[in-house]
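1. return a 3D structure for these sequence lines:
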Amino acid sequence: MADARANSDEPPLVVLGEIHTCLLPSQHALDTAASIELLRAVQRGLTVTSRERPMPLVISPNRFEGVDCVLIPKSGKHVHVIGTVASRTVVIGGRVLQGSSQTRVMRSPERQPWSYYLSRPGTVDAVRNLGSAPAGRLVDGHLRLQHDDKLDLTSISQRMSTFARVDPRLDQKMPFRAGATRLRWAVEVGAESNQLPRFAFHLADKTLRTVRLTLAAPDIAVAQRFCEDLAIHDWLLTTIDQVADRAGRNDQETDALLDQLVPLLDQLVPLWMPGAHTAPQLRQLWADLEMDPGFTRQWTARVGQLRDRVTTATLEALRHSKIISHDW
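-> Okay, here's the model as predicted:
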């Protein structure tokens with residue numbers, strides 16, 4: 001059997017991940033103590049990580065799931081991988097929930113016993129048909145639409161969020177309507193460290209986003225946290241866009257409109273802190289996002305639009321109540 005320590009310092013060929021982001025099914029935001037208690041159930045006996053500033057963030061310990069499947073590079077040639085996927089659950093601001101999964105892909109000349117793969121958690125070995133395929137081809141295959149026989153990080157990350165969502169301590173009451181988004185990401189190791197990091201962000205469809213990162217080897221360890229930070233802000237922007245579109249229609253009753261907009265503005269606006277939980281070496285990526293597409297400009301415009309809508313709806317409600325009072 002190959003020595004598990006032989007590749008311990010070798011950078012991975014690529015890192016592949018996916019993040020499922022949704023609203024925590026609770027009428028009110030959880031405080032940090034309640035969020036910690038919720039995530040303790042993910043892996044009992046292990047420490048839950050948390051921080052209060054500048055915004056509450058709670059991260060569960062990792063759970064590991066064995067996989068024995070294929071990757072599908074852009075060329076269509078299957079690459080067989082064996083190993084484990086590391087997954088965790090994240091609660092942001094006591095209000096938003098994420099299931100986050102990742103695995104590091106390494107080259108391997110041959111298949112090993114399962115004890116070998118279990119000794120290298122969060123790593124898969126490409127043991128067949130990889131040849132000299134470049135890392136970029138594996139990234140291309142991962143970022144395109146999912147196939148049934150592919151390494152299915154979508155299902156794994158969704159299971160992590162679902163595990164927390166069905167916890168009996170949550171009242172399953174939503175203060176406003178909000179969908180879920182998925183952010184699929186991949187990292188290549190770049191050779192020119194002085195020109196890194198680089199990334200590309202793409203809206204694949206209404207709910208799927210893709211992120212392609214090129215990082216220096218030492219920065220790979222913080223890629224998942226950057227992607228989780230990006231996923232929460234993309235979810236916030238997507239959610240407020242959807243609500244703004246609904247609020248722009250004239251077929252909603254004033255009270256129903258206020259019931260949706262007031263808790264949304266109250267609970268989501270304080271969560272907008274781009275880069276607050278991103279490692280310092282990757283914060284430049286947020287500066288690039290602020291330039292194009294201009295995340296905060298979009299957010300500020302939408303928040304202003306919804307606040308104006310709340311003001312208008314409130315004035316309409318007051319006017320209506322005066323009319324009823326005078327009629328009486």
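2. from now on I want contacts and neighbour counts done on CA atoms only, so please keep to that.
-> OK.
3. which sections of the stretch 151-300 of the chain are below the confidence cut-off?
-> Scanning the stretch 151-300 of the chain with the threshold set as pLDDT under 70 gives 193-194, 247-254.
4. so which residues of it form strands?
-> Using DSSP state E, counting those that start in this stretch, the strands of the stretch 151-300 of the chain run over 181-189, 198-203, 208-215.
5. can you tell me the strand partners of the first one and which way each runs?
-> Just to be clear, that refers to strand 181-189. strand 14-23 (antiparallel), strand 208-215 (parallel) (DSSP bridges).
6. ok, and what's touching the helix or strand just after the longest one?
-> Towards the C-terminus, the helix or strand next in line after strand 14-23, according to DSSP states H and E, is helix 32-40. Contact with helix 32-40 is made by 46-48, 50, 52, 56-60, 89, 91, 94, 164, 167, 169, as judged by C-alpha atoms under 8 Å, 6 or more residues apart in numbering.
7. what residues of helix 32-40 count as buried?
-> Residues of helix 32-40 classed as buried by neighbour count (16 or more other C-alpha atoms under 10 Å): 32, 35-36, 38-40.
8. among those residues, which two are most distant?
-> The distance between the two most remote of those (C-alpha to C-alpha) is 12.2 Å, for Thr32 and Arg40.
9. and the residue nearest to Thr89 when sequence neighbours are not counted, what helix or strand is that in?
-> The spatial neighbour of Thr89 that comes closest, neighbours along the chain excluded (C-alpha to C-alpha, 6 or more residues apart in numbering), is Gly99 at 4.7 Å. Element membership for Gly99 (DSSP H and E) is strand 96-107.
10. tell me the buried residues in stretch 73-90?
-> Judged by neighbour count using 16+ other C-alpha under 10 Å, the buried positions of stretch 73-90 are 73-74, 78-90.
11. check stretch 226-244 too.
-> Here stretch 226-244 shows 226-241, 243-244 as buried, counting by 16+ other C-alpha under 10 Å.
12. helices - which of those land there?
-> Residues of these located in helices (DSSP state H): 226-241, 243-244.
13. just the helices in the stretch 1-150 of the chain please.
-> For the stretch 1-150 of the chain, the helices defined by DSSP state H, counting those that start in this stretch cover 32-40, 114-118, 135-143.
14. would you format those as a markdown table with mean pLDDT and distance to Thr296 included?
-> Supplementary listing: the helices of the stretch 1-150 of the chain in a markdown table, determined by pLDDT from 0 to 100; distance: least, C-alpha to C-alpha, whole Å:
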| stretch | mean pLDDT | distance to Thr296 |
| --- | --- | --- |
| helix 32-40 | 94 | 26 |
| helix 114-118 | 92 | 42 |
| helix 135-143 | 87 | 25 |
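15. mind putting these in TSV, distance to Leu306 included?
-> Below are these laid out as TSV (distance: least, C-alpha to C-alpha, whole Å):
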stretch	distance to Leu306
helix 32-40	28
helix 114-118	50
helix 135-143	34
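16. between these, which gets nearest to Leu265?
-> That would be helix 32-40 among those, by C-alpha to C-alpha, at 20.4 Å.
17. dump that closest one to PDB, keeping only the CA atoms.
-> What follows is helix 32-40 as a C-alpha-only set of coordinates in PDB (Å, rounded to 0.1, in the frame of the first residue of the first chain):
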ATOM      1  CA  THR A  32     -25.200  32.500  18.500                       C
ATOM      2  CA  ALA A  33     -25.800  30.000  21.400                       C
ATOM      3  CA  ALA A  34     -28.800  28.500  19.600                       C
ATOM      4  CA  SER A  35     -26.900  28.300  16.300                       C
ATOM      5  CA  ILE A  36     -24.100  26.500  18.000                       C
ATOM      6  CA  GLU A  37     -26.500  24.000  19.600                       C
ATOM      7  CA  LEU A  38     -28.200  23.400  16.300                       C
ATOM      8  CA  LEU A  39     -24.900  22.600  14.500                       C
ATOM      9  CA  ARG A  40     -23.600  20.400  17.300                       C
END
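18. neighbours of the nearest residue to Val139 once chain neighbours are set aside, just the number please.
-> Nearest residue to Val139, sequence neighbours excluded (C-alpha to C-alpha, 6+ apart): Ala186, at 5.9 Å. For Ala186, the count of nearby residues is 27 (other C-alpha atoms under 10 Å).
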